[in-house]
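Chemist: Okay, here's the prediction I keep looking at, along with the sequence it came from:
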Amino acid sequence: MAACVLGLAGIETVVLEQRTEPDRVLKAGSIGPLAIEALERLGLRDELLAAERETMAGYAEMDARTDGAPDALAKAQREHFAGLEKIEASRRSEPGRRRMRVPQPVLVEILRRKAESVGVTLRSGHAVTGLRQDEDGVTVLAGTPDG
């Protein structure tokens with residue numbers, strides 16, 4: 001996200017990613033109101049809404065496949081960071097602000113596309129191996145797939 005903001009500001013940005021392929025492990029299944037608002041400022045509202053619709057359609061499909069068995073769908077709908085209970089909508093001071101059901105791997109892909117569209121250079125398979133700073137700037141040393 002920071003790379004997207006820098007790219008939109010016209011700052012040449014390079015992101016080094018140690019992995020050669022995106023991590024598909026689901027670490028989070030939704031994003032909170034503050035993150036949504038920041039992502040909307042990047043112009044990602046429509047993509048987030050589309051991703052949420054696709055996620056919810058997947059839950060409905062899962063529900064249909066389990067013949068309405070409550071466990072699978074109910075567990076997916078209750079999922080929340082660190083297992084903390086959600087605040088009831090009726091008790092929120094700003095009910096219009098909500099979480100969005102956008103899984104982390106999907107969000108990473110949305111951000112990757114946005115970063116590339118604003119000119120950010122993304123380099124996978126690059127591990128930071130050193131960093132030097134002096135009065136002239138910062139030099140980052142990286143191990144690449146070619147060494």
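Modeler: It's in.
Chemist: Can you list the buried residues in the one helix or strand residue 62 maps to?
Modeler: Element membership for residue 62 (DSSP states H and E) is helix 45-65. Going by neighbour count (16 or more other CB atoms under 10 Å), the buried part of helix 45-65 is 47-48, 51-52, 55, 63. C-beta here means a position set from N, CA and C on the backbone, and glycine is covered the same way.
Chemist: could you say which helix or strand contains the spatially most central residue of the chain?
Modeler: Centroid check for the chain by CA atoms, centre = their mean gives residue 107 as the closest residue, at 3.2 Å. Using DSSP H and E, the element containing residue 107 is helix 104-117.
Chemist: Then residue 43?
Modeler: Residue 43 belongs to no helix or strand, assigned by DSSP H and E.
Chemist: where's it relative to residue 8, distance?
Modeler: Distance of residue 43 to residue 8, computed by CB to CB, to the nearest Å: 9 Å.
Chemist: Who has more neighbours out of these two?
Modeler: residue 8 (18 against 13; other CB atoms under 10 Å).
Chemist: Could you check the pLDDT of the closest residue to residue 23 other than its chain neighbours?
Modeler: The shortest distance from residue 23 to any non-neighbouring residue, by CB to CB, 6 or more residues apart in numbering, is to residue 105 (7.1 Å). Per-residue confidence at residue 105 stands at 92 (pLDDT).
Chemist: isn't residue 105 right next to residue 22, touching?
Modeler: Yes - using CB atoms under 8 Å, residue 105 is in contact with residue 22, at 6.6 Å.
Chemist: Which residue ranges of the protein form helices?
Modeler: 2-8, 33-41, 45-65, 70-78, 104-117 (DSSP state H).
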